[in-house]
Structure formats: C-alpha cells, structure tokens
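Trainee: below are the sequence and a predicted model; questions follow.
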Amino acid sequence: EKKLADLFNICSAIMQSIAQSPVPYIAKVDGIATAAGCQLVASCDLAYASSETSRFATPGVNLGLFCSTPGVALGRCVSRKHAMEMLLTGEPISAHYAQKIGLINAAVPKDDLDSKVDHITNLIASRSQKSIQEGKPTFLKQMQQPLDVAYKTTSETMCSNVMTEDCKEGISAFFEKRSPKW
C-alpha cells in the first residue's frame, strides 16, 4: 500500500510541477493517452495530437478503479460534464473530440504533427521569455481567484512587466518596425 501511495504522490508532484513551472509545457500525442497519460496531456499548457491515431481515455472505471487523480487535471482542463463523461464511462475519445472539448489545442494529420509542434515551439521561443515566465504563473493564479482579486493580481504583474528591459525593447521594436532582440 505504501508503494502505491508513493507512486500516486510522485505522479501528483510531476503534474503539479508542470503547472508551477514558469516554462510552457507542450504535449505531442501520436497514439493513445490513457489514465496518467491523459492526465499529463490535461496538465500541459498546450497539447497537439495526430488526428488519425490519437485517442484519450480515463478507463479506470472499466477495472473498478475510478481515475480520481487524472480527474484533477482533466476537470481543470475541460468542462465538468465532459470530464465526468470520460471518468464515468471510461470510453476513449478521438483527437477531434478532444479538440472540441478543449483537452487539446488541435488535432492535425499525423504527417503534420511534428511541424505543427515545432512551429508553436519556435513561436514561443521567439517571444520574450521573461514575459512568459511572469505571465504563465500569473495566468494560472488568477484563474483560481475571484474576479476582483484576479484583476488586482494581473494589474500588478502588468505594471511590473511593463518596466522590464524586454518590454521596452518590444515597444521600441514595434515602433521601429523591426523584430525585437530579447
């Protein structure tokens, strides 16, 4: 029993570290992502999957084991009703349906999956890393706050961010019609 508790604690710590990291995490799925695999996809900031081969499921209920820990990430990623449908039925869903309910950003043809993820990765890498490292934690934090507190939190971050060298460079580059040099 202790080994099982340790396993679930490690898995939970990994999923939490993704959310707490200022670095964006991108899932690329070309196959089936079930249980903790589906949890990992739901935990990532962005997710892309091959439309032909990818499926997602929380099938524990089929074995008499409700996917409670995958449900944490899933329930924060998709609507409650969609999460419950996956958790209660254990049935796999297609990549297209996963995109429709918000589990993934896009379902793309298998032959285009690598180039799609590379494109998104390169776009993110070309942006101010300082603003991303401040912005991601702030975005996730404000999602858990009441509206008035969320605006206070994000206003403080924007005030801090606008004073950075990266922001000054970005604004200068915009007016000078050139690419910024982070």
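Mentor: That came through, no problem.
Trainee: buried sites along the longest helix that the chain contains?
Mentor: Scanning the chain for the helix with the most residues, using DSSP state H, yields helix 2-20. Neighbour-count burial for helix 2-20, counted by 16 or more other Cβ atoms under 10 Å, picks out 11, 15, 18. Bear in mind the C-beta positions are built from the backbone N, C-alpha and C, glycine included.
Trainee: so where do the helices sit in this structure?
Mentor: Under the criterion DSSP H, the chain carries helices at the ranges 2-20, 36-43, 68-77, 80-89, 95-101, 110-125, 129-143, 147-162, 165-175.
Trainee: show me what contacts the residue most central in space within the chain?
Mentor: The geometric centre of the chain, computed from its C-alpha atoms, lies nearest to Asp45 (Cα atoms, centre = their mean), at 2.0 Å. By Cβ atoms under 8 Å, 6 or more residues apart in numbering, Asp45 lies in contact with 18, 24-26, 136.
Trainee: do the same with Gly90
Mentor: Contact analysis of Gly90 by Cβ under 8 Å, 6+ apart lists 57-62.
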